[in-house]
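1. everything below, folded, please.
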Amino acid sequence: MSELPPALARALREALAVVLPVACPGCGCPDTGACDDCRVACTAVVRCETVGDVPVWSALEYAGPVARLVTAFKNEGRTGLARVLGTSFGRSVAAAVDPDAVASGSVVVVAIPGRRSSLRRRGYRPVHLLARHAGVQLTRGLRFVRQPRDQVRLGRVDRAENLAFAMRGTPVLNGRDVLIVDDVLTTGATVAEAARAVHVAGGRLVGAAVLARTLRGRRRSAPP
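-> Numbers count the residues shown, from 1 in each chain. The predicted model follows:
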């Protein structure tokens, strides 16, 4: 399926979801996209930590059923989970910036760009689906000037090297207040590179908001 056009890959996944048995990816409960207990586990508990000098708000901890739901959403075509996860994502964004500032355009919300190979494989961009279900308008403000390799098995130092100078901000960021958004915060290397690109493009970074946080490769900071 990785060679199919994104739209066709997405349509095929949606068709398969109709005829194949469905189980909650968080616990295996049959005949449900996400069971009540796993939905409760996805209730936002927003916290803020500093990655480098960037404040990052996150709604969930990437562990247990949350991690399994996020993995199914990102890598197994379970796009319906965006309805469950999008609410928590929206609360992370709302904690980072005033929703009225986003609605008025005084703050632009910019997603971390995805790799082309990931889009071909999935047929969709996870953070864009989260934003859509959260009612968050995204601005296309970052792009890759070179494609980094897959980071799944890379540690903190290797991730930083893999992403160094890989992004560029577009002119729309110049003179604007910018909030970066992504799905999962791991080591912070992606946020750091995005922050660099925003600053070079003339943007004023107000922080970052993500759906979930891991503790891999970072020190835990106290809640604000």
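2. what about the residue nearest to residue 69 when sequence neighbours are not counted, neighbour count?
-> In space, and not counting its chain neighbours, residue 69 is closest to residue 26: 4.9 Å by C-beta to C-beta, 6 or more residues apart in numbering. All C-beta atoms are positioned from the backbone trio N, CA, C, and that covers glycine. Residue crowding around residue 26 was assessed by other C-beta atoms under 10 Å; the count is 25.
3. same question, residue 53
-> Residues near residue 53, counting by other C-beta under 10 Å: 8.
4. how far away is it from residue 141?
-> Computed as C-beta to C-beta, to the nearest Å, the residue 53 to residue 141 distance reads 20 Å.
5. residue 79 too?
-> The value you get for residue 79 to residue 141, if C-beta to C-beta is used, is 24 Å.
6. those two: which has the busier surroundings?
-> Counting neighbours by other C-beta under 10 Å for residue 79 and for residue 141 shows that residue 141 has the greater number, 25 against 20.
7. who does the nearest residue to the more buried one once chain neighbours are set aside form a beta bridge with?
-> Leaving aside its chain neighbours, residue 141 sits nearest to residue 110 (3.8 Å; criterion: C-beta to C-beta, 6+ apart). Bridge pairing for residue 110 (DSSP bridges) gives the partners residue 180.
8. list the contacts of residue 110.
-> Listed by C-beta atoms under 8 Å, 6 or more residues apart in numbering, the contact set of residue 110 reads 138, 139, 140, 141, 142, 173, 178, 179, 180, 181, 194, 198.
9. quick check, nearest of the residues you listed to residue 37?
-> residue 181 (27.4 Å; C-beta to C-beta).
10. number of residues surrounding the closest one?
-> Residue 181, neighbours per other C-beta under 10 Å, totals 26.
11. what of residue 105?
-> Neighbours of residue 105 under the rule other C-beta under 10 Å: 11.
12. how confident was the prediction at it?
-> Looking at residue 105, its pLDDT reads 92.
13. and the closest residue to residue 33 other than its chain neighbours, how many neighbours does it have?
-> What sits nearest to residue 33 in space, not counting adjacent residues and going by C-beta to C-beta, 6+ apart, is residue 80, at 5.0 Å. For residue 80, the count of nearby residues is 15 (other C-beta under 10 Å).
14. how far away is residue 80 from residue 142?
-> Relative to residue 142, and taking C-beta to C-beta, residue 80 is found at 27 Å.
15. repeat that for residue 51.
-> 16 Å.
16. same check on residue 83?
-> Residue 83 is 26 Å from residue 142, by C-beta to C-beta.
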